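Engineer: using only what follows, build the 3D model:
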Amino acid sequence: MGPTPETPAVRRTMTADAQTLGLAAVRALYAEVALEPKPGLVSFRDCGSHADMSAETFVRSLFALRGYFPRMAQAGRDGHPFGVLENLGKNAEARMLAATRGINTHRGAIFGLGLLCASAGQLQAQGLVFTPQHLRAVLLSTWGETLAHRARAARLAAPDSNGQQAAQRFKLRSAGEEAAQAFPVLFEVTLPALQAALQAGATDRAARVQALFATMAELDDTNCVHRGGMDGLRFVQTSARNFLDARGVMQTDWLLHARAIHTTFVERRLSPGGSADVLASACWVESLRRTTLAEPSATSISEGRVAWSRHEMPVFAP
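Structural biologist: Sure thing, here's the model as predicted:
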């Protein structure tokens, strides 16, 4: 069935800026899966607390999603209503599940990072400079009311995901509520922690680990609740705070400490996947903050092939 007037089609030919925003999102998600150590999470070193997926599963998912993020940026740039964004997200989720044989690798990122891409596209359409403050303001002014309505409705409806079930049962702030508030943990915790670590001289790797721990310490990560109940979430938050209180990645032996925490999370089958999604979004914001969007993307990411290894970022070529 073709698009209705309420859900107009997103143009197939995307602007170079939309492609740049989308490719940056794919690269940020790759940076997240490539990061190690990440307590309980999948990396190229091991599968963390997961028996059903590996880093290769994530890369297959990313390849399936390579056209989604640019389409979201274009939809935002063209001022489409939230229903169009939602349909794009549902289609992307179907492609992800087909690529991973039913494994949920990026459902949170499809929603959160996809919405941020759309907001960045609308920010461009309004001629605003890309800053975290502008990005949040545009998100709220364009889709905030709809997101708030959806969050209230989800709070009252029967849960249709493990995350919603955990949020309702324990009165936690869901991913939908985070979005309705323009992602406070992302912009007030994760991104500042990432930037502060970089300014203090940390490497990209160490700064991302620091930002991940800062996120784990604060986020109502429903993935942890689903796997370990509220005790599991509190254990994750306490472990992260203890690491940060010990100076985090500024410790000489921070890598050993972070890997030891990883081992304890695996033993408990805890996986802070929500925190990983927020980290990827922070990497995306920071990468765009450092660069301009004036230069067209060298290659189209709407088609092509991806080359990757343990140490390479994805590169799309005709």
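Engineer: gap between the two ends of stretch 98-116?
Structural biologist: One end of stretch 98-116 to the other measures 24 Å (C-alpha to C-alpha, to the nearest Å).
Engineer: I'd like the mean pLDDT over it, please.
Structural biologist: What stretch 98-116 shows for mean pLDDT is 97.
Engineer: could you do stretch 27-37 as well?
Structural biologist: Averaging pLDDT along stretch 27-37 yields 98.
Engineer: now that stretch - C-alpha only, PDB.
Structural biologist: Provided in PDB are the C-alpha atoms of stretch 27-37 (Å, rounded to 0.1, in the frame of the first residue of the first chain):
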ATOM      1  CA  ARG A  27      30.400   5.000  12.500                       C
ATOM      2  CA  ALA A  28      29.300   5.800  16.100                       C
ATOM      3  CA  LEU A  29      27.600   2.500  16.500                       C
ATOM      4  CA  TYR A  30      30.600   0.700  15.100                       C
ATOM      5  CA  ALA A  31      32.800   2.700  17.600                       C
ATOM      6  CA  GLU A  32      30.500   1.400  20.400                       C
ATOM      7  CA  VAL A  33      30.800  -2.300  19.400                       C
ATOM      8  CA  ALA A  34      34.500  -2.000  18.800                       C
ATOM      9  CA  LEU A  35      35.100  -0.400  22.300                       C
ATOM     10  CA  GLU A  36      36.700  -2.700  24.900                       C
ATOM     11  CA  PRO A  37      36.300  -3.000  27.900                       C
END
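Engineer: who touches it?
Structural biologist: 38, 42-45, 55, 58-59, 62, 65, 106, 109, 113, 205, 208-209, 212, 255, 258-259, 261-262, 276-277, 279-281, 283-284, 287, 308, 310-311, 313-314 (C-beta atoms under 8 Å, 6 or more residues apart in numbering). All C-beta spots, glycine's among them, are computed from the backbone N, C-alpha and C.
Engineer: same check, this time on stretch 217-233
Structural biologist: With C-beta under 8 Å, 6+ apart, stretch 217-233 has contacts from 49, 162-167, 170, 172-175, 185, 189, 235-237, 240-241, 244, 268-275, 278.
Engineer: now those residues: which count as buried?
Structural biologist: Buried members of these, scored by 16 or more other C-beta atoms under 10 Å, are 49, 163-164, 166-167, 172-175, 185, 189, 235-237, 240, 244, 268, 270-275, 278.
Engineer: pLDDT below threshold where in the stretch 1-150 of the chain?
Structural biologist: The stretch 1-150 of the chain contains residues with pLDDT under 70 at 1-12.
Engineer: please flag which of the contacts of stretch 27-37 sit within helices.
Structural biologist: Of the positions in the contacts of stretch 27-37, 55, 58-59, 62, 109, 113, 205, 208-209, 212, 255, 258-259, 261-262, 276-277, 279-281, 283-284, 287 sit in helices, assigned by DSSP state H.
Engineer: the helix or strand containing residue 76 vs helix 55-64, what angle?
Structural biologist: Here residue 76 sits within helix 68-77, counting by DSSP states H and E. Angle of helix 68-77 versus helix 55-64, following axes from the mean of the first three to the mean of the last three C-alpha atoms, to 10 degrees, is 40 degrees.
Engineer: circling back to that earlier point, are any of the contacts of stretch 27-37 buried, and if so which?
Structural biologist: So, by 16+ other C-beta under 10 Å, the buried ones in the contacts of stretch 27-37 are 38, 42-44, 55, 58-59, 62, 65, 106, 109, 113, 208-209, 212, 258, 261-262, 276-277, 279-281, 283-284, 308, 314.
Engineer: need the contact list for residue 58.
Structural biologist: Residue 58 neighbours (C-beta under 8 Å, 6+ apart): 29, 33, 42, 105-106.
Engineer: for the helix holding residue 76, name the packing helices and strands.
Structural biologist: Judged by 3 or more C-beta pairs under 8 Å, 6 or more residues apart in numbering; DSSP states H and E, the packing partners of helix 68-77 are helix 16-34, helix 82-100, helix 107-125.
Engineer: possible to save these as a markdown table with distance to residue 149?
Structural biologist: Output for the helices and strands packed on helix 68-77, formatted as a markdown table (distance: least, C-beta to C-beta, whole Å):
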| stretch | distance to residue 149 |
| --- | --- |
| helix 16-34 | 26 |
| helix 82-100 | 10 |
| helix 107-125 | 15 |
